[in-house]
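A.B. asks: I'll drop the sequence and a predicted model, then ask my questions.
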Amino acid sequence: MRSPRHLVVFLRAPRLGRVKSRLAAGIGAVAALRFYRKASTGLLRRLSRDRRWICYLAVTPDRALAGPRPWRVDARYRGQGQGDLGQRMARVFRTLPPGPAVIIGSDIPDIAPAHIADAFRALGRHDAVFGPARDGGYWLVGLRRSPRVPHGLFKRVRWSSEHALADTLAGLPRNFAVARLATLDDIDDAASFARWRAALTRSRPASGAPEAAA
């Protein structure tokens, strides 16, 4: 019997001035919050309905779980805990039930169920899988977790820099087989936000895409 597949979406409680700080510096805190709410809600609606995996929402700060849930989707909530991004992701990989696991961010509007399916398919033949971002980071990381999660995962990674993916790959065991998915844009600043809006505008006449958050 195949082990369950685990999809974990990392989220920050959507509060004014607490999300997308680099984006807010370019387009304003209100517009950044509006984008984050719309992007994360659309992402969760697409992915949480898919029965090919179990969907988890890993939220920070943990105390946000005590109040009303900002995302009304069929998913399992959990706190991210303390530490930097690497420590929080490593904790998730170590503590989930058995089975391959994939972690994604919540601010990449182009993620579709097909991307997640591709990631789990890759983990059938590889130890790890990454979805590279154009800025040198990554929008997805997945591990087969068999026989175990590597020790020291995500240490010495320069987060929020163009070195994040390279640093993470350098920290993996030498014998790890690694797969890569399509490169997507992580909407972190005004420039990436402008590129996303322009692409959305170009596609709207043909696809009827929803209005961009702005």
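C.D. replies: Thanks, I have the structure now. Residues are numbered from 1 along each chain as shown.
A.B. asks: residues of the helix or strand of the chain with the lowest mean pLDDT that come out buried?
C.D. replies: The weakest-scoring helix or strand in the chain, judged by mean pLDDT, DSSP states H and E, is helix 190-207 (a mean of 80). For helix 190-207, burial by neighbour count (16 or more other C-beta atoms under 10 Å) applies to 190, 192-193, 196-197, 200. The way it works is simple: take the backbone N, C-alpha and C, and place the C-beta from them, glycine included.
A.B. asks: compute the first-to-last residue distance for stretch 84-104.
C.D. replies: Stretch 84-104 has its terminal residues 16 Å apart, counting by C-alpha to C-alpha, to the nearest Å.
A.B. asks: one step back: okay, the buried residues of helix 190-207 in a markdown table with distance to residue 15 next?
C.D. replies: Listed next are these as a markdown table, based on distance: C-beta to C-beta, whole Å:
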| residue | distance to residue 15 |
| --- | --- |
| 190 | 21 |
| 192 | 22 |
| 193 | 19 |
| 196 | 22 |
| 197 | 23 |
| 200 | 25 |
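A.B. asks: out of those, the closest to residue 176 would be?
C.D. replies: For those, the closest approach to residue 176 (C-beta to C-beta) belongs to residue 192, at 29.4 Å.
A.B. asks: mind checking how far the closest one is from residue 52?
C.D. replies: According to C-beta to C-beta, to the nearest Å, residue 192 stands 29 Å off from residue 52.
A.B. asks: ok, residue 137 - how many residues close by?
C.D. replies: The tally of other residues near residue 137 (other C-beta atoms under 10 Å) stands at 24.
A.B. asks: so what's it up against?
C.D. replies: Counting by C-beta atoms under 8 Å, 6 or more residues apart in numbering, residue 137 makes contact with 159-162, 164-165, 186.
A.B. asks: what values do phi and psi take at it?
C.D. replies: Backbone geometry at residue 137, expressed as degrees, to the nearest 10, gives phi -100, psi -150.
A.B. asks: drop anything exposed from the contacts of residue 137.
C.D. replies: Buried among these (16+ other C-beta under 10 Å): 164-165, 186.
A.B. asks: can you put these in CSV and add distance to residue 134 and pLDDT?
C.D. replies: Converted to CSV, these look like this (distance: C-beta to C-beta, whole Å; pLDDT from 0 to 100):
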residue, distance to residue 134, pLDDT
164, 12, 97
165, 11, 97
186, 7, 86
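A.B. asks: great, nothing more from me.
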